[in-house]
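Enquirer: starting from these lines, generate the structure:
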Amino acid sequence: MKFATVSKSLVMGLALLLASSAFAATKASLTLQSPTTINGTKLKPGEYKLQWDGSGPDVEVSILQGKAVVAKVPAKVVDLNKPSDNNAAVLKHNDDGTSTLAGARFEGKKFALEIGDSSGGMQAGSSK
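Expert: Numbers count the residues shown, from 1 in each chain. So this is what the prediction gives:
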C-alpha cells in the first residue's frame, strides 16, 4: 500500500514537472553584424537575446537587448535535418540595400526560427 502511494506521488510530481517545463520560455543568443530591420524596428549591430514560449510551430518571439524588449514578432519553429553548426542570424537582403531578419539558428539545435513573413522555408544548410 505504501509503495502505491509513493508511486502515485512520483507520477503526479513528474507529470507536474513535465507540464510546467512545456510552458517554460526558450531563450537563445543572437549576434547581428550589420544594421537589420525586424517588424519595422531597426536593430543596430550587437548582441541580442531571443525568447519565446512553447514549442511551436507558431510562437511569438521577443527580441531583447539587455533587459529591454526592442521588438516582438511572430515566428515559426521549424525542424532542421541536422543540428546547426553555430548560432546564426538568417537575413533577407532587400532591393534597397537594407537587411531584414528572416530567421535564426542555434548551435547544436535541430530547430530554427522563421521570423515574420519569411515563407521560403529553412532547410539544413540554407543560407538565405
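
Enquirer: tell me, how many residues neighbour residue 46?
Expert: Around residue 46 there are 11 other residues, counting by other CB atoms under 10 Å. (C-beta placed from N, C-alpha, C; glycine too.)

Enquirer: how far away is it from residue 98?
Expert: Residue 46 is 17 Å from residue 98, where distance means CB to CB, to the nearest Å.

Enquirer: go on, residue 61?
Expert: From residue 61 to residue 98 the distance is 20 Å (CB to CB).

Enquirer: over to residue 67?
Expert: 27 Å.

Enquirer: equivalent analysis for residue 83, please.
Expert: 30 Å.

Enquirer: next one: residue 59
Expert: Going from residue 59 to residue 98 by CB to CB gives 25 Å.

Enquirer: ok, and what's touching stretch 105-117?
Expert: 28, 38-39, 50, 52, 56, 59, 61, 73-88, 90, 100-104, 121-122 (CB atoms under 8 Å, 6 or more residues apart in numbering).

Enquirer: one step back: looking at residue 59 and residue 98, which is more packed in?
Expert: A side-by-side neighbour count of residue 59 and residue 98, using other CB under 10 Å, places residue 59 first with 17 against 14.
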